[in-house]
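>>> This is a predicted model, with the sequence first.
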Amino acid sequence: MTVSNGRFTDSERQGVYRAIFERRDVRSQFLPDPVSPDVLTRLLEAAHHAPSVGFMQPWDFIVIESRDVRETVLAMFEQENQKAAERFEGERKEHYRSLKLQGIMESPLNLCITCDRSRGGPHVLGRNSIVETDLFSTCLAVQNLWLAARAEGIGVGWVSILDQEQLSTALNLPEHVYPLAYLCLGYVSEFLDQPELEAQGWRSRLPLSDLVHGDKWGQPFSSGL
Ligand SMILES: Cc1cc2c(cc1C)N(C[C@H](O)[C@H](O)[C@H](O)COP(=O)(O)O)c1[nH]c(=O)[nH]c(=O)c1N2
């Protein structure tokens, strides 16, 4: 079917929404099956086509297959996770400790998406007032990859319970490169139909209607939701 004006067909549109709604953060369901170079290239191309401030494209992709590096990162996670648990009290602390919050060794591939804060020189179009826009751009690359991975049947888990300086050292990052996202990737036995944290009673999805304001904070949106 030919569609004019660059519009998506119904099924293409459904595919996009399906990827959005069925994307999950994966920690426990990884299979050991390798991700082929072709598929990995498609995921990285998707990430590389994210929008970026001034077309800065500040990202780099560190593809980690070695068990040694992953073991180092897992040890760093364990240390930080211990500290994180101490921030909660009583039952909440026990609940936190019961959560699985990474799949570093079980996933066949780890990927660090970094942000080169110096790319494009000192004056990047659109980044004069809000310097963090390079970081925001890199987050969009992560999301592109996350959605493309879902469409490929590949799960992604973001691990942020890591000390950034330790991670930078482990990955030999230059000073001006920030380790924005440490991701675990691989085919999965299943995609859960709701966030794992929700399924485990940690936190629920907020009603969208509570989050939409009209004109100013706290004012009702006239069309309602
Ligand atoms: C920036 C950032 C950082 C993290 C996460 C996400 C994002 C966006 N998430 C995943 C997060 O818990 C998850 O997205 C929510 O629970 C919602 O679930 P779904 O992603 O919809 O499955 C996450 N999960 C986890 O188990 N360990 C972690 O360290 C992190 N860190």
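Yes, it's here.
>>> residue contacts, Ser107?
By Cβ atoms under 8 Å, 6 or more residues apart in numbering, the contact list for Ser107 reads 26, 30, 155, 157, 184-186. C-beta coordinates here come from the backbone N, C-alpha and C atoms, glycine included.
>>> Look up how far Glu65 lies from it.
11 Å (Cβ to Cβ, to the nearest Å).
>>> Over to Leu101?
22 Å.
>>> Those two - which one has more neighbours?
Leu101 (18 against 12; other Cβ atoms under 10 Å).
>>> could you measure that one against Pro32, distance?
Applying Cβ to Cβ, the value for Leu101 to Pro32 is 20 Å.
>>> Could you do Arg24 as well?
19 Å.
>>> Of the two, which one has the most company?
More crowded of Arg24 and Pro32, by other Cβ under 10 Å: Arg24, with 20 against 9.
>>> was I right about that one contacting Leu197?
No - with contact defined as Cβ atoms under 8 Å, Arg24 does not count as touching Leu197 (10.6 Å).
>>> Averaged pLDDT, stretch 197-214. What do you get?
Mean per-residue pLDDT for stretch 197-214: 96.
>>> er, stretch 117-125 I mean
97.
>>> can you give me the offset of it from its chain's centre?
24 Å (Cα atoms, centre = their mean, to the nearest Å).
>>> Show the end-to-end separation of that stretch, please.
For stretch 117-125, the first-to-last residue distance is 14 Å (Cα to Cα, to the nearest Å).
>>> buried residues in it?
117, 119-120, 124 (16 or more other Cβ atoms under 10 Å).
>>> Can you tell me which of those is nearest the ligand?
The ligand lies nearest to Arg117 out of the buried residues of stretch 117-125, by Cβ to the nearest ligand atom, at 17.8 Å.
>>> Who are the contact partners of the closest residue to that closest one other than its chain neighbours?
Excluding the flanking residues, the one nearest Arg117 by Cβ to Cβ, 6 or more residues apart in numbering is His176, at 5.2 Å. Counting by Cβ under 8 Å, 6+ apart, His176 touches 116-118.
>>> Just to check, Pro195 is in contact with Val26?
No - between Pro195 and Val26 no contact is recorded; they are 10.7 Å apart, counting by Cβ under 8 Å.
>>> which one of these two has more residues nearby?
Val26 (28 against 15).
>>> nearest spatial neighbour of the more buried one, skipping sequence neighbours?
In space, Val26 is closest to Gly155, 3.2 Å off (Cβ to Cβ, 6+ apart).
>>> Ser189 is in contact with the one you found, correct?
No - if you go by Cβ under 8 Å, Gly155 and Ser189 don't touch, sitting 9.2 Å apart.
>>> Now for the two: what residues contact both?
With Cβ under 8 Å, 6+ apart, Gly155 and Ser189 have common neighbours 29-30.
>>> Those two - which one has more neighbours?
Between Gly155 and Ser189, Gly155 has the larger neighbour count (other Cβ under 10 Å), namely 28 against 10.
>>> In a helix, that one, correct?
No - looking at Gly155 with DSSP: H, G, I helix; E, B strand; the rest coil, it is strand, so not inside a helix.
>>> partner residues bridging it?
Taking DSSP bridges as the rule, Gly155 bridges to Gly186.
>>> so how far is Arg24 from it?
Using Cβ to Cβ, Gly155 is found at 7 Å from Arg24.
>>> what's the answer for Glu152, then?
Taking Cβ to Cβ, one finds Glu152 at 14 Å from Arg24.
>>> what does this protein put close to the ligand?
24-25, 27, 101-102, 158-161, 195, 197 (Cβ under 6 Å from any ligand atom).
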